[in-house]
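> what's the 3D shape of this:
(chains A and B)
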Amino acid sequence: GAGVSQSPSNKVTEKGKDVELRCDPISGHTALYWYRQSLGQGLEFLIYFQGNSAPDKSGLPSDRFSAERTGGSVSTLTIQRTQQEDSAVYLCASSFSGATGGQYFGPGTRLTVL
Amino acid sequence: QQQVKQSPQSLIVQKGGISIINCAYENTAFDYFPWYQQFPGKGPALLIAIRPDVSEKKEGRFTISFNKSAKQFSLHIMDSQPGDSATYFCAASRNSGYSTLTFGKGTMLLVSP
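Numbers count the residues shown, from 1 in each chain, chains lettered A, B, ... in the order given. This next block holds a predicted model:
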């Protein structure tokens, strides 16, 4: 079956521009997560959506970062006024409602801020 | 504060050998411990996971050993193959995995032919 998809796969932008990254979770998965992977920081949590509950935004590094999830499915991560330190791979994961919430990752979006 | 410590950073194993990667955690509220495999340019793929109510879980050539009292868990890859060469991440989570994952820093495994 189809896995988690993300678009674009690569994004190059100039410092100060806004970017939007998209995630399509596995159909039927109720939870959706955004993580960031960078050389110096490893994999770090950004934001978590679970059903209709208020999202857990505790991992967002600054107020330039925001995310929404429409209709309990597709999610968009927005970074405003991008900075060079935002350069990283942004990974989306989703999980289903089972005995354990195994998280399945998409291929990621590689963001480069010039 | 690094809540999940992973070692070694890199590992070279001969084909057919056993690869062992270790992780230690601090937060006793963690109750779900997955391992992920990541190839260059790809997202992490869930390999195997364990709950603290068991001490070992085996799936094919991959085994997780779990020591609750020591707050440690490890991944063993039996009969390692060149195709296993990848970066491996341990992680930990609360609420049976229905929570954010805290990752180790990763281990780059190279299996030599």
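
> Report the central residue of chain A.
Central residue of chain A (Cα atoms, centre = their mean): A:W34, 3.2 Å from the mean position.

> Under a three-state scheme, what state does A:T100 occupy?
Assigned by DSSP: H, G, I helix; E, B strand; the rest coil, the conformation of A:T100 is coil.

> What separation do you get for it and chain B?
Counting by Cβ to the nearest Cβ, to the nearest Å, the separation of A:T100 from chain B is 4 Å. In short, each C-beta sits where N, CA and C put it, glycine included.

> what's the neighbour count on that residue?
A total of 18 residues lie near A:T100 under the criterion other Cβ atoms under 10 Å in any protein chain shown.

> what's near enough to touch the nearest residue to it once chain neighbours are set aside?
In this structure, A:T100 finds its nearest non-sequential neighbour in B:G97, 4.4 Å apart by Cβ to Cβ, 6 or more residues apart in numbering or on different chains. For B:G97, the contacting residues are A:95, A:100-103, B:32, B:34, B:49, by Cβ atoms under 8 Å, 6 or more residues apart in numbering or on different chains.

> swap the cut-off to 7 Å and go again
In this structure, B:G97 makes contact with A:95, A:100-103, B:32, judged by Cβ atoms under 7 Å, 6 or more residues apart in numbering or on different chains.

> One more: B:S74?
Counting by Cβ under 7 Å, 6+ apart, B:S74 touches B:20-23, B:65.

> Tell me where the chain is predicted with low confidence.
Picking chain A for this. Counting by pLDDT under 70, the ranges of chain A that qualify are A:1, A:40, A:97-99.

> if you could check chain B rather than the one you did, that'd help
Looking at chain B by pLDDT under 70, you get B:1-2.

> got the residues of it near chain A?
Residues of chain B lying near chain A by Cβ under 7 Å from any Cβ of the partner chain: B:32, B:34, B:42-44, B:46, B:49, B:51, B:89, B:96-98, B:100-101, B:103, B:105-106.

> neighbouring strands for whatever helix or strand A:T112 lives in, and are they parallel or not?
Assigned by DSSP states H and E, A:T112 belongs to strand A:109-113. Here strand A:109-113 has these sheet partners by DSSP bridges: strand A:10-13 (parallel), strand A:88-95 (antiparallel).

> Compute the number of surrounding residues for residue 51.
Since you didn't name a chain, this refers to chain A. Look at A:G51: counted by other Cβ under 10 Å, it has 10 neighbours.

> meant chain B, my bad for not saying
Quick note: B:R51 (other Cβ under 10 Å) scores 14 neighbours.

> All good on my end, thank you.
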